[in-house]
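# Show me how the following folds:
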Amino acid sequence: MPSLSHGRRGGSGTSRRLLWLAVAAVTVFAAVVAGGALLRAVPSLNPFGSKTVDRSQPAVLRSIEPLSEYRAATANLEVIVDLERDTVLPSFLKGERVLFVAAGTVDAGVDFSDLDADAIEIDEDRTSVTLTLPAPRLFDAQVDPDRSRVFDRERGFIDRLESVFEDSPTEDRSLFVLSERKLEEAAAADPELLRAAERNTRSMLEGMLRGLGFQQVTIRFADAT
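Residues are numbered from 1 along each chain as shown. Got it, this is the predicted structure:
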């Protein structure tokens, strides 16, 4: 009987120790959670926190220029630019090849800046009008940086070493310049963009002139497609 009584006392002591350990673990966990919540609620108390301060100066208006062109159609294009720079050294030592996926737009429209009084012919009873316009043309391409990216870049050992110590933003700038030219070439290769610009310009002017009371409206384009 004495041995049985001793075993019960030992088991009771072990249970109490386990209970206290569990309570202590829960308390520590609760303190960690509460501390994290406090740091999030009061960022200034977080030694590892950071904040972003916008110190940009306000925009300054330099000039306002009147628009003298009507952009009647837009082509959304994507092109892959494969640019390789070779040297006399082997490519694994010196040289670079970049695959750049460029996405952007090219607008087509009509330039009204050179129109004069001879471009508009109105009959005597002011019911018929004829308007002669220059042919639609393509405007400069615009590369969208949010939709463009470097897909792959291979550099020789020397170029990789140089890139660690020197950042050259002009390299990516040259990719954008080349991409603009490629987008313009792609737009020029498809005559449908200019045709769409001609149709949309004609539709816009016919609606506007009929709204002014003209019953017969004729739109002509020089060197029309």
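
# Go ahead and confirm D223 touches A135.
Yes. In this structure D223 lies within contact range of A135 using Cβ atoms under 8 Å: 4.5 Å. C-beta coordinates here come from the backbone N, C-alpha and C atoms, glycine included.

# Looking at these two, which one has more neighbours?
A count of neighbours by other Cβ atoms under 10 Å puts A135 above the other of D223 and A135, at 14 against 7.

# next helix or strand past the helix-or-strand element of the chain with minimal mean pLDDT?
The helix or strand of the chain with the lowest confidence, counting by mean pLDDT, DSSP states H and E, is helix 157-165 at a mean of 49. From helix 157-165 onward toward the C-terminus, using DSSP states H and E, the following helix or strand is helix 169-189.

# That following helix: which residues count as buried?
Using 16 or more other Cβ atoms under 10 Å as the test for burial, helix 169-189 gives S174, L175, L178, S179, E180, K182, L183, E184, A186, A187.

# what does stretch 188-208 give?
L193, L194, A196, A197, E198, N200, T201, R202, L205, E206.

# Give me the subset of those residues lying in helices.
L193, L194, A196, A197, E198, N200, T201, R202, L205, E206 (DSSP state H).

# Reformat those as CSV; add distance to V81 and pLDDT.
Formatted as CSV, those follow (distance: Cβ to Cβ, whole Å; pLDDT from 0 to 100):
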residue, distance to V81, pLDDT
L193, 21, 94
L194, 24, 94
A196, 26, 94
A197, 26, 94
E198, 30, 93
N200, 30, 94
T201, 32, 93
R202, 35, 92
L205, 38, 90
E206, 40, 91
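
# Break this structure into its domains for me.
Per automatic domain parsing, the domain ranges recorded for the chain read 2-45, 69-221.

# Quickly, which of those domains bottoms out on average pLDDT?
With a mean of 57, domain 2-45 has the lowest mean pLDDT of the domains of the chain.

# Can you give me every residue that contacts F176?
Going by Cβ atoms under 8 Å, 6 or more residues apart in numbering, F176 touches A102, V143, P145, S148.

# Select from those residues every entry located in strands.
A102, V143 (DSSP state E).

# can you redo the buried residues of stretch 188-208 as a markdown table with distance to Q57?
As requested, the buried residues of stretch 188-208 are exported to a markdown table (distance: Cβ to Cβ, whole Å):
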| residue | distance to Q57 |
| --- | --- |
| L193 | 39 |
| L194 | 42 |
| A196 | 41 |
| A197 | 39 |
| E198 | 44 |
| N200 | 40 |
| T201 | 40 |
| R202 | 45 |
| L205 | 42 |
| E206 | 46 |
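
# so which two of those are the farthest from each other?
L193 and E206 (20.6 Å; Cβ to Cβ).

# which residues does N200 contact?
A72, A73.

# Could you list the buried residues of the strand or helix carrying V106?
Assigned by DSSP H and E, V106 belongs to strand 96-111. By neighbour count on 16+ other Cβ under 10 Å, the buried set for strand 96-111 is E96, V98, F100, A102, A103, G104, V106, D107, A108, G109, V110.

# I figured the third one hits S179, correct?
Think F100. Yes. At 6.5 Å, F100 counts as touching S179 under the criterion of Cβ under 8 Å.

# Before I go, just wanted to say thanks for your time.
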